[in-house]
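Engineer: could you work out the structure for the sequence below:
(chains A and B)
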Amino acid sequence: MISSAPDTISLTYKVKLKFTSMKGVHGTTAAIAQKIQEEGFKPSSFGRAGSGVYFWRYFSNDEYAKYLAHKWWEFCNKTGNYNKINGDKRCCFIVVKFQSDSLNLMDFSHGLLRENIRTLILNKLDALKSISDNNLTEEEIISGLFSTYVKKIEYDAKVTFDAIIADVPPPKGATGKVGKYVGSCAEAIVVMNLDIIQSIEYTEAV
Amino acid sequence: MAIDIDLAATKALEELNEMSVTELLSEVKSNINDPLSVAIRELISLREDEYSQIENQTYSYVKSGLTYASLNETSYKTVKAANVEQYIPLAS
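Structural biologist: Numbers count the residues shown, from 1 in each chain, chains lettered A, B, ... in the order given. Sure, this is the predicted structure:
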């Protein structure tokens, strides 16, 4: 007997899994890391001024995540983003472990979500730019669209996402031999609910 | 009762597409400084930087404890290790 195909197939971009070892790394200055150690996580004090809280995701092998975290610190250093920060500017890794209970993750690497946000940007960006009188940068409008879209889904689906997963292309030349086989996009975890952070370690990048 | 998340993603897109530009701009402005927006901007800036500014530089990542090296920064000692070959660019 041949069973008929289902009418709909669930797209599991909202992942509810039990991760026993999902972790993340953020690269920043030793001074900022120390401040976080003393005062705890606050989005406003985490990275650069007004930063969102995000980490490079990994599960057991931290090499690539730490490489990306170091690249971010290097980028901020080069572009002067740490100039206003007093204290030790050497690179420090903040390594967090996320709770292993079910998490509400929204994964923007999923094809449908990526397609939707691309459609939204293509449909609306020019019109939004034209009426914003150059008060907003393109990046501000796009990031605002991301956020508006996520909040709309949360409202419609009556869920609150603990974290958002966003894939980021790797640095030029860093894909190496493995990337062409398994893909090389790095995953950033943008943490919305700080309660999902179970433990924190601080490691100096030598 | 919560509706299916897949439907919500499509419904959200439809709703935002149907919104007037003025309404949408108002929504965008109200969300522009929340943590997700800020983080997305930082990730965008990293993407831009990697593709536009560091394009011609060659980096090498070396695992020796927690040692990182950049080939164009002479202050770092570059050590090649077989177990991180995958991170060493093919072209230099």
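
Engineer: count the residues that sit near A:Ser60.
Structural biologist: 8 (other C-beta atoms under 10 Å in any protein chain shown). From N, CA and C alone the C-beta is placed, and that goes for glycine too.

Engineer: that one contacts A:Ser21, doesn't it?
Structural biologist: Yes. Contact between A:Ser60 and A:Ser21 holds when scored by C-beta atoms under 8 Å: they sit 5.8 Å apart.

Engineer: residue of chain B closest to chain A, please.
Structural biologist: Relative to chain A, the nearest point of chain B is B:Ala39 (2.7 Å; C-beta to the nearest C-beta).

Engineer: where's that residue, which helix or strand?
Structural biologist: helix B:35-52 (DSSP states H and E).

Engineer: averaged pLDDT, that helix. What do you get?
Structural biologist: Predicted confidence along helix B:35-52 averages 72 (mean pLDDT).

Engineer: who's in contact with A:Ser199?
Structural biologist: For A:Ser199, the contact set (C-beta atoms under 8 Å, 6 or more residues apart in numbering or on different chains) comprises A:96-97.

Engineer: redo that, cut-off 10 Å
Structural biologist: A:23, A:95-99 (C-beta atoms under 10 Å, 6 or more residues apart in numbering or on different chains).

Engineer: what do you get for B:Ala12?
Structural biologist: B:Ala12 neighbours (C-beta under 10 Å, 6+ apart): A:116, A:120, A:148-157.

Engineer: of these, buried ones?
Structural biologist: Buried subset of the contacts of B:Ala12 (neighbour count, 16 or more other C-beta atoms under 10 Å in any protein chain shown): A:116, A:120, A:148-154, A:156-157.

Engineer: how about A:Glu69: what's its closest non-neighbour residue?
Structural biologist: Small correction: residue A:69 is Ala, not Glu. Counting by C-beta to C-beta, 6 or more residues apart in numbering or on different chains, A:Gly27 is the residue found nearest to A:Ala69 once chain neighbours are left out, at 3.2 Å.

Engineer: what is the neighbour count of that neighbour?
Structural biologist: By other C-beta under 10 Å, the residues close to A:Gly27 number 26.

Engineer: roughly how far does it sit from A:Thr79?
Structural biologist: Note on A:Gly27: its distance to A:Thr79, by C-beta to C-beta, to the nearest Å, is 14 Å.

Engineer: ok, now B:Ser45?
Structural biologist: Counting by C-beta to C-beta, the gap from B:Ser45 to A:Thr79 is 8 Å.

Engineer: show me the shaky parts of chain B.
Structural biologist: Along chain B, the parts satisfying pLDDT under 70 run over B:1-3, B:46-92.
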